[in-house]
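Visitor: Structure for the following, please:
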Amino acid sequence: MRLYSLSVLYKGDPKVHLLKAAYDVTTFNFFQRSSVQEFMTFTSQLIVERSALGSRASVKEQEYLCHVYVRNDGLAGVVIADNEYPQRVCFTLLDKVLDEFSRQVSKIDWPSGSPATISYAALDGYLSKYQVRLPQT
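Guide: Okay, here's the model as predicted:
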């Protein structure tokens with residue numbers, strides 16, 4: 001069971017843009033990592049774009065499950081995990097992250113924000129904390 005990506009996006013008018021993201025691509029070949037990360041960013045944006053405000057969904061994309069939650073205020077979160085990771089845990093994580101993000105980052109900054117301009121450092125910690133570590137054999 002593994003989490004690969006945790007992203008916060010804004011579903012604005014006319015397009016969706018990434019506000020902040022954390023990735024765990026350590027299980028991929030070194031030369032694949034940047035393209036895998038690009039794929040995850042693109043997929044996250046596409047899924048949010050196609051999701052209605054106030055909706056939750058789980059979408060299968062290749063061998064991944066993408067869990068998306070788009071709030072009524074346009075703030076959205078996406079978790080990309082493997083097929084075995086529990087869906088309920090993903091949505092609990094998205095609720096927690098989006099609530100905390102909306103308290104720490106002003107709503108005024110969402111429409112024009114980018115990963116470089118938004119200061120919210122908790123995503124890497126959450127991605128690590130919610131990673132399921134299997135016992136070494």
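Visitor: Which SSE is immediately downstream of the strand or helix carrying residue 5?
Guide: Using DSSP states H and E, residue 5 maps to strand 3-11. Going down the chain from strand 3-11, the next helix or strand is strand 16-23, by DSSP H and E.
Visitor: Where does pLDDT dip in the chain?
Guide: 133-137 (pLDDT under 70).
Visitor: And the strands in it?
Guide: Ranges of strands in the chain, per DSSP state E, are 3-11, 16-23, 55-61, 64-70, 75-82.
Visitor: May I have the phi/psi pair for residue 106?
Guide: phi -60, psi 140 (degrees, to the nearest 10).
Visitor: Next, count neighbours for it.
Guide: The burial count assigned to residue 106 is 10, neighbours taken as other CB atoms under 10 Å. Heads up, the C-betas are built off the backbone N, CA and C, glycines and all.
Visitor: So it versus residue 118, what's the distance?
Guide: 10 Å (CB to CB, to the nearest Å).
Visitor: Residues that sit against both of the two, list them.
Guide: Residues touching both residue 106 and residue 118 do not exist when contact is defined as CB atoms under 8 Å, 6 or more residues apart in numbering.
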